[in-house]
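Engineer: Output the structure for:
(chains A and B)
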Amino acid sequence: MASNILKRATSSVLKSRVESFLIGASRRSYASVAVGTDIVSAAPDVSLQKARSWDEGVSSNFSTTSVKDIFKGAYTGVCSQQHVPSYQKNIDKFKAKGIDSVICVAVNDPYVLNAWAEKLQAKDAIEFYGDFDGNFHKSLELGKDLSVALLGPRSQRWSAYVVDGKVKSLNVEGAPSDFKVSGAEVILEQI
Amino acid sequence: MAFIRVGDTIPDGILSYADQAHQIQNVSVHSLAAGKQVILVGVPGAFTPTCGLKHVPGFIEKAEELKSKGISEIILISVNDPYVMKAWAQSYPEDKHVKFFSDSSATYIKNLGLELDVSDRGIGIRSQRFALLIDDLKVKIANVESGGQLKVSSAEDMLSAL
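Structural biologist: Predicted structure coming up:
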């Protein structure tokens, strides 16, 4: 499943001052991430892989991006038809509200993710990162075993508004096939 | 674990695919291969270059020739989920005979002893690159690549061995 994270930093570089106001509320009490969580401390030593072509992988030496450098789900129905497109369509509204990046993280390898992002023509609007071993999501307790659907370990469907590494709002669907709270329209109201 | 060799009977196992209605279907390997000559091709990753630009297209191109030599099925498997395999298959509109199957959790590949740990490249446990000629469930030819190359397991290699 693909999940979207919004990142905002102040006009100076990534690790700058924390915003002092709180927006929104966590709708779930059993994830280890909630409003106020520092995403980097919740997932220490976890790295993600930026979606890329194989050649880019080779030339970057299969580099990974650690979670702390990002913050100062593919080819499946809801992800492709509703979740990612809702962020693509609203990208101008996000920018207008000061969002620096919309990041989509899915439990897929970065090559599959890259091909999917290109198919959706979404790479201009959204940055895609692969959490191939699910460790990022496990650290946040947002993993979900979808072996029954033959997808293996994946993630919940969720969205989060993150400022300078701190979660300001978090929306997690009751079931990964739902698309009620994790779309762009909901989180735009929370920014 | 010892890997599958010439003379072995291939184990049964479940492969899956996403059908027209985007629903996942399961199929047993034995049901695909019993009583026939088939080629089983394994690749490390959908949407990666050697697999996508050379290995798979080779089989798509040579499928008719392989069929004329008595091959009933060309079964392609990779450790990717069925939706990814379907999307990858659709990226080859010219494909008529190669069937793309998913071994999502690498269970079948491990049964063959042909798994490959590519975690350092960020893609986890995958299949080695190989091509097997199987006649009524018995392995007649087992061409397994060592390393990431394409030297023994291509369609041409299989054709010249037939």
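Engineer: Tell me the first helix or strand C-terminal of the helix or strand bottoming out on mean pLDDT in chain B.
Structural biologist: Using mean pLDDT, DSSP states H and E, helix B:49 stands out as the lowest-scoring helix or strand of chain B, at a mean of 78. Following helix B:49 in sequence order, the next helix or strand is helix B:56-68 (DSSP states H and E).
Engineer: quick one: residue B:139 is in a strand?
Structural biologist: Yes. Going by DSSP: H, G, I helix; E, B strand; the rest coil, the assignment for residue B:139 places it inside a strand.
Engineer: Pull the number of nearby residues for it.
Structural biologist: Residues near residue B:139, counting by other CB atoms under 10 Å in any protein chain shown, number 18. In this view, the C-beta of every residue, glycine as well, is placed from N, C-alpha and C.
Engineer: so does stretch B:86-106 get close to chain A?
Structural biologist: Yes. Shown here: stretch B:86-106 in contact with chain A (CB under 8 Å from any CB of the partner chain) through B:86, B:87, B:88, B:91, B:102, B:104, B:105.
Engineer: Now rank these by neighbours and give me the top one.
Structural biologist: Neighbour tally across the residues of stretch B:86-106 next to chain A (other CB under 10 Å): the maximum, 27 neighbours, falls on residue B:102.
Engineer: and the residue of chain B positioned farthest from its centre, how far is that from residue B:86?
Structural biologist: Relative to the centre of chain B, the most outlying C-alpha is that of residue B:21, 23.4 Å out, by CA atoms, centre = their mean. Distance, residue B:21 to residue B:86, using CB to CB, to the nearest Å: 11 Å.
Engineer: Check the residue farthest from the centre of chain B and give its pLDDT.
Structural biologist: Listed pLDDT for residue B:21 reads 86.
Engineer: tell me the SS of it?
Structural biologist: Assigned with three-state DSSP, residue B:21 falls in the coil class.
Engineer: again, but for the one 5 residues further on
Structural biologist: Using three-state DSSP, the three-state assignment for residue B:26 comes out as strand.
Engineer: these two touch, right, it and residue B:14?
Structural biologist: Yes. In this structure, residue B:26 is within contact of residue B:14 by CB atoms under 8 Å, at 5.0 Å.
Engineer: the more surrounded of these two?
Structural biologist: Ranked by neighbour count (other CB under 10 Å), residue B:26 and residue B:14 place residue B:14 first, with 15 against 12.
Engineer: Enumerate every residue touching that one.
Structural biologist: B:26, B:27, B:28, B:29, B:107, B:108 (CB atoms under 8 Å, 6 or more residues apart in numbering or on different chains).
Engineer: again, but for residue B:125
Structural biologist: Counting by CB under 8 Å, 6+ apart, residue B:125 has contacts B:79, B:106, B:115, B:116, B:117, B:118, B:119.
Engineer: Tell me, how many residues neighbour the last one?
Structural biologist: Close neighbours of residue B:119, defined as other CB under 10 Å, add up to 12.
Engineer: could you dump the residues of stretch B:86-106 next to chain A to TSV with secondary structure, pLDDT and distance to residue B:161?
Structural biologist: Putting the residues of stretch B:86-106 next to chain A into TSV (DSSP: H, G, I helix; E, B strand; the rest coil; pLDDT from 0 to 100; distance: CB to CB, whole Å) gives the following:
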residue	secondary structure	pLDDT	distance to residue B:161
B:86	helix	94	30
B:87	helix	93	31
B:88	helix	94	26
B:91	coil	93	28
B:102	strand	96	27
B:104	coil	91	30
B:105	coil	89	31
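Engineer: And the furthest pair within those?
Structural biologist: The span of those, defined through CB to CB, is set by B:91 and B:105 at 23.5 Å.
Engineer: so how many other residues sit close to the closest residue to residue B:86 other than its chain neighbours?
Structural biologist: Closest residue in space to residue B:86, ignoring its immediate chain neighbours: residue B:18 at 4.2 Å, by CB to CB, 6 or more residues apart in numbering or on different chains. Residues lying near residue B:18 (other CB under 10 Å) number 22.
Engineer: okay, residue B:18: pLDDT?
Structural biologist: Residue B:18 is given a pLDDT of 92.
Engineer: beta partners of it?
Structural biologist: With DSSP bridges as the criterion, residue B:18 is bridged to residue B:24.
Engineer: ok, now which ones touch it?
Structural biologist: B:24, B:25, B:82, B:83, B:85, B:86.
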